[in-house]
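Colleague: Below are the sequence and a predicted model for it; my questions follow.
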Amino acid sequence: MMQKLTAAQAIVRCLEIEGITQAFCVPGESYLPIMDALYEHPTIRLTATRHESGAAFMAEGYAKAIGKPAVVMATRAVGAANLSIGVHTAQQDSTPMIVFLGQVDSRFRGREGFQETDLERFFAPIAKWAVEVSSAERIPEIVQRAVRLAVTGRPGPVVVAFPEDVLNKEVTVRFSDPLRLSKPHPDDESIGEAVRLLANAERPLILAGGGIKWADAEDDLLRFSENTGIPVMASFRRHDVFPNHHPHYVGHLGLAPAKGIVETAKSADVVLVLGSRLSEVTTQDYALFSANQQIIHIDCDASVVGKAVVPDLGIISDCRRALLALQNQAQGWIDPSRFTQWREERRKVYVQASTLDWGGTTELQEGLHPKAVIQALIEELPKDAIITNDAGNFAGWLHAYYPFTEKKTYVGPTSGAMGYGFPAALGVKMAQPNRVVVSLSGDGGFMMTMQELETAVRERLSVMALVFNNAMYGTIRMHQEKMFPNRVIATDLGSVDFAAVARAMNAESMRVQTVDDLRKALRLALTKRSDGPFLIDIKTDPEIISVGSTLSELKKRL
């Protein structure tokens, strides 16, 4: 049926049809008609943030937590540039995101108008699709196509720019029915070949990535591993694809993993890759696999298979459909008892590497050891708590020691974006209001988006924010000492009382330097979950630079 609406109203109608219920923004005059169209809309919630990067990170975290995209909106070039970090993160993390941008009046294009830039060209390298709408009549076609592109195949961000003069035009338009998502199925012949390779293996390994999460295939992966006896390893920042306490879990391929975990992947003779793009980090600088290994790569997007590593067998399929097909054909062909010794040996390596073996005091001269923080989180948080993290060396202790035992309990940026952790946690909390949500940040990254504390207070989002405060850019300092020993420049930071900053924004907070105070703060935050954010400023010793080394040890080795 044809409808007469303004272009802005048509945009909102498209979102309604496609089931979008959450939008984030920093308001801008260039897209005020869209905001006005949302004013009385009953099902789409619009949340104003303090910075466009925070808005984009919230949308990215929201999508990971609920499995469907949110909208993020910003004005012209200046707002668009600010949110671009979130678009890049969504692209590298394969996260669906819908970005609406205001654009200068069509009559002014090409004259270097106020805040003008070519938004299509600006975002083309970091988005799944970028387009500028020149005709109001085409809005249903383009907006609904954008939503569908964001969620089909390998999910990702789409960017749609609207010139100011287009949004107020009245048009008579027809809308399409909502998307009915068809997921790719594997062919029987390829699945049969995959089963043959696995059945003939001596040391098979499953490497599971984000495609498992987007396909809701965690339970299917668990069943397949249990029925075949094949151990499972997680790709970079996808720890929660498989329960870490399960005897079939053998580790995580992230930044500087334990040597034994890397050796597990290198010594496997057949590797079944499920839903991973085999990133630089996961493949340890693309050097993980060798010619004497056979690689089976399954992914929903043909452009991913063979892009980083050429597989012996590539299968284009949704991960859940592939696992169901593999399970069906593997019955009677794969004897799980054949892999018992291999699996138990590699599990033992993982357990040794991931056990918190802190034997001394957990309090140092200048604050807490990060191991003590992770131990407290393990003991105090509910098992289904969702953890987000920023970029930084502090996350190494989380990756190495925190056991993710429940599915969909971890949200982290594979792009390594600083400033991600806290705003992503706010998006997660909006998607999962009944879950405990905890963000981990270094002081460097937290200061990049800490203005979103006000957003959390205003929206009454009960997120727990932990800040590892060592007054420096720790990751870069580590690399600086390795490459240019004893030539420290630009990595030391000033002392900030984040607890005081939080209180100034009407958020509850505590500054802690002892384990007892940390546990007290965690318990207090858990009992006040309905009252807004709770920040814990954790003083940590700058000497403890990484999981594997102190600054002093690093200097001695060099």
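Modeller: Alright, I've got the coordinates. It should be emphasised that the depicted structure is a prediction, and the values quoted were computed from it without experimental measurement. Numbering: from 1, shown residues only.
Colleague: Can you tell me which helix or strand of the protein has the lowest average pLDDT?
Modeller: The helix or strand of the chain with the poorest confidence is strand 363-364; it has a mean of 50 (mean pLDDT, DSSP states H and E).
Colleague: Got the domain ranges for this structure?
Modeller: 2-174, 188-354, 363-557 (automatic domain parsing).
Colleague: between those, which gets nearest to Leu181?
Modeller: The closest of these to Leu181 is domain 2-174. By C-beta to C-beta, the value is 6.5 Å. Every residue, glycine included, has its C-beta placed from N, CA and C.
Colleague: Can you give me the end-to-end span of that closest one?
Modeller: 5 Å (C-alpha to C-alpha, to the nearest Å).
Colleague: swap in stretch 355-367?
Modeller: Terminal residues of stretch 355-367 are spaced 22 Å apart (C-alpha to C-alpha).
Colleague: can you check stretch 444-459 too?
Modeller: With C-alpha to C-alpha as the measure, stretch 444-459 spans 25 Å from end to end.
Colleague: Stretch 152-167 too?
Modeller: Using C-alpha to C-alpha, the two ends of stretch 152-167 sit 27 Å apart.
Colleague: and what of stretch 15-31?
Modeller: Stretch 15-31 end-to-end distance (C-alpha to C-alpha) = 16 Å.
Colleague: buried sites along that stretch?
Modeller: 15-18, 20-26, 28, 30-31 (16 or more other C-beta atoms under 10 Å).
Colleague: now it, how far from the centre of its chain.
Modeller: How far stretch 15-31 lies from its chain's middle: 21 Å, per C-alpha atoms, centre = their mean, to the nearest Å.
Colleague: Can you list the low-confidence ranges for this protein?
Modeller: 1, 358-366, 529, 558 (pLDDT under 70).
Colleague: if we go to 80?
Modeller: Residues of the chain that meet the criterion pLDDT under 80 lie in 1-2, 105-116, 179, 181, 357-366, 529-530, 555-558.
Colleague: circling back to that earlier point, now tabulate the domains of the chain in CSV and tack on distance to Ser182.
Modeller: Converted to CSV, those look like this (distance: least, C-beta to C-beta, whole Å):
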stretch, distance to Ser182
domain 2-174, 9
domain 188-354, 9
domain 363-557, 24
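Colleague: Quick check: Leu535 is in a helix.
Modeller: No - Leu535 is assigned strand when assessed by DSSP: H, G, I helix; E, B strand; the rest coil, not a helix.
Colleague: how far away is it from Phe108?
Modeller: Distance, Leu535 to Phe108, using C-beta to C-beta, to the nearest Å: 44 Å.
Colleague: Between the two, which has more neighbouring residues?
Modeller: Taking other C-beta atoms under 10 Å, Leu535 and Phe108 do not tie; Leu535 has more neighbours (29 against 15).
Colleague: Next up, the contacts around that one.
Modeller: Residues near Leu535 by C-beta atoms under 8 Å, 6 or more residues apart in numbering: Leu453, Met464, Ala465, Leu466, Val467, Phe498, Ala499, Ala502, Ala507, Glu508, Ser509, Met510.
Colleague: roughly how far apart are it and Arg435?
Modeller: As judged by C-beta to C-beta, Leu535 and Arg435 stand 19 Å apart.
Colleague: Make sure Ala322 is indeed in a helix.
Modeller: Yes - assessed by three-state DSSP, Ala322 belongs to a helix.
Colleague: if we can go back for a sec, buried ones from the contacts of Leu535, can you make that a ChimeraX selection?
Modeller: Applied in ChimeraX, the following selects the buried portion of these according to 16+ other C-beta under 10 Å:
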select :453,464,465,466,467,498,499,502,507,508,509,510
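Colleague: Among the contacts of Leu535, which ones are in helices?
Modeller: Within these, residues falling in helices by DSSP state H are Leu453, Phe498, Ala499, Ala502.
Colleague: show me what contacts the nearest residue to the first one once chain neighbours are set aside?
Modeller: Okay, so that is Leu453. When the adjacent residues along the chain are set aside, Leu453 lies closest to Met505, with 4.6 Å between them (C-beta to C-beta, 6 or more residues apart in numbering). Contacts for Met505 (C-beta under 8 Å, 6+ apart) come out as Leu453, Glu454, Val457.
Colleague: So Val547 sits against Phe394, correct?
Modeller: No - if you go by C-beta atoms under 8 Å, Val547 and Phe394 don't touch, sitting 9.8 Å apart.
Colleague: the more surrounded of the two?
Modeller: More neighbours surround Phe394 than the other of Val547 and Phe394, with 31 against 20 (other C-beta under 10 Å).
Colleague: Ser546 versus that one, what's the distance?
Modeller: Using C-beta to C-beta, Phe394 is found at 9 Å from Ser546.
Colleague: and if you look at Leu198?
Modeller: From Leu198 to Ser546 the distance is 36 Å (C-beta to C-beta).
Colleague: of the two, who's got more company?
Modeller: Neighbours per residue (other C-beta under 10 Å) separate Leu198 from Ser546, with Leu198 holding more: 23 against 20.
Colleague: give me the number of residues near the residue lying closest to the more buried one once chain neighbours are set aside?
Modeller: Closest residue in space to Leu198, ignoring its immediate chain neighbours: Pro204 at 5.2 Å, by C-beta to C-beta, 6+ apart. Applying other C-beta under 10 Å, we find 25 residues neighbouring Pro204.
Colleague: contacting residues for Pro204?
Modeller: For Pro204, the contact set (C-beta under 8 Å, 6+ apart) comprises Leu198, Thr228, Ile230, Pro231, Ala268, Asp269, Val270, Val271, Leu272, Phe339.
Colleague: For those residues, which single residue is the most surrounded?
Modeller: Neighbour counts for the contacts of Pro204 were taken using other C-beta under 10 Å; the highest belongs to Leu272, with 29 neighbours.
Colleague: what is it paired to in the beta sheet?
Modeller: Ile206, Ile296 (DSSP bridges).
Colleague: Can I get the contacts of Pro204 in JSON lines including distance to Arg238 and secondary structure?
Modeller: Below are the contacts of Pro204 laid out as JSON lines (distance: C-beta to C-beta, whole Å; DSSP: H, G, I helix; E, B strand; the rest coil):
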{"residue": "Leu198", "distance to Arg238": "21", "secondary structure": "helix"}
{"residue": "Thr228", "distance to Arg238": "20", "secondary structure": "helix"}
{"residue": "Ile230", "distance to Arg238": "17", "secondary structure": "coil"}
{"residue": "Pro231", "distance to Arg238": "16", "secondary structure": "coil"}
{"residue": "Ala268", "distance to Arg238": "18", "secondary structure": "coil"}
{"residue": "Asp269", "distance to Arg238": "23", "secondary structure": "coil"}
{"residue": "Val270", "distance to Arg238": "20", "secondary structure": "strand"}
{"residue": "Val271", "distance to Arg238": "15", "secondary structure": "strand"}
{"residue": "Leu272", "distance to Arg238": "15", "secondary structure": "strand"}
{"residue": "Phe339", "distance to Arg238": "22", "secondary structure": "helix"}
